[in-house]
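Asker: Structure for this input, please:
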Amino acid sequence: MGRPSDADVFADRLEAGRALAHRLAEFRGRDDLAVLGLPRGGVPVAWEVAQALGAPLDVFVVRKLGVPGHEELAMGAIASGDVRVLNADVLRWYQIPDETIEQVTRGEKTELERRERLYRDGRPLISLDRRIVILIDDGLATGSTMRAAVGAVRSLAPARIVVAVPVGARDTCEALGEIADHVVCLLTPESFSAVGQWYLDFSQTSDEEVRRLLATAGRTA
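Answerer: Now for the predicted structure:
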């Protein structure tokens with residue numbers, strides 16, 4: 001399949017966020033709501049949603065813990081809030097020793113902390129305890145990062161987790177429904193090869209744009 005027609009795609013991440021906010025209108029005005037954007041591309045989408053719903057916005061940094069020698073395979077993940085989740089099945093199948101897990105964790109934690117400092121300027125992650133948390137990215141292909149984010153947020157005792165994206169592979173969106181409380185995928189095209197094909201402008205989101213959006217979001221704990 002070629003590129004979709006312009007009528008079938010989003011102009012950019014901000015337009016996608018406005019469309020997503022319209023679909024999430026039932027949450028507008030709640031005082032127990034938090035919107036989390038996965039950096040970098042998920043933050044502009046999440047910014048529009050948070051503005052429309054009157055909710056606090058934060059960034060949720062996730063780093064995959066890849067199996068040594070098979071880095072594309074996640075044996076777990078670490079995330080904002082000093083959270084680590086491990087995939088017991090992968091650890092058992094590959095018989096990964098504890099010292100290897102710790103070594104990989106240390107390496108990824110260094111990068112996670114760098115991004116936390118860059119994006120937050122020392123501000124802590126907003127409390128997610130007993131809140132409805134909307135986790136947002138600009139799209140879902142394999143969904144591995146979002147799965148890690150859902151697992152990490154779940155450990156922080158939210159009331160509900162809603163995964164919301166403008167576009168995603170149908171199988172991925174359906175699979176996420178098994179671990180999230182609710183999943184919203186605006187577009188689930190039959191032929192899906194990459195998130196970027198569903199945007200006219202899919203230029204890379206910069207670290208500076210993430211910082212700017214968070215600074216103008218009116219975060220409240």
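
Asker: C-alpha only now, for contacts and for neighbours.
Answerer: Will do.

Asker: quick one: pLDDT of the closest residue to Ala217 other than its chain neighbours?
Answerer: Nearest residue to Ala217, sequence neighbours excluded (C-alpha to C-alpha, 6 or more residues apart in numbering): Leu57, at 6.3 Å. Listed pLDDT for Leu57 reads 96.

Asker: Which pLDDT value goes with the residue nearest to Leu53 when sequence neighbours are not counted?
Answerer: The spatial neighbour of Leu53 that comes closest, neighbours along the chain excluded (C-alpha to C-alpha, 6+ apart), is Arg28 at 4.2 Å. Looking at Arg28, its pLDDT is 96.

Asker: what's the answer for Ser191, then?
Answerer: 85.

Asker: picking up where we left off before, tell me how many other residues surround the residue nearest to Ala217.
Answerer: 30 (other C-alpha atoms under 10 Å).

Asker: Same check on Glu71?
Answerer: When neighbours are counted by other C-alpha under 10 Å, Glu71 registers 11.

Asker: Which strand or helix spans it?
Answerer: For Glu71, the host element (DSSP states H and E) is strand 70-79.

Asker: Check the protein and tell me which residue is nearest its centre.
Answerer: Leu38 (3.5 Å; C-alpha atoms, centre = their mean).

Asker: Need phi/psi at it.
Answerer: phi -90, psi 120 (degrees, to the nearest 10).

Asker: Next one, pLDDT for it please.
Answerer: The model reports Leu38 with a pLDDT of 95.

Asker: what's the answer for the one 4 residues further on, then?
Answerer: Gly42 carries a pLDDT score of 97 in this model.
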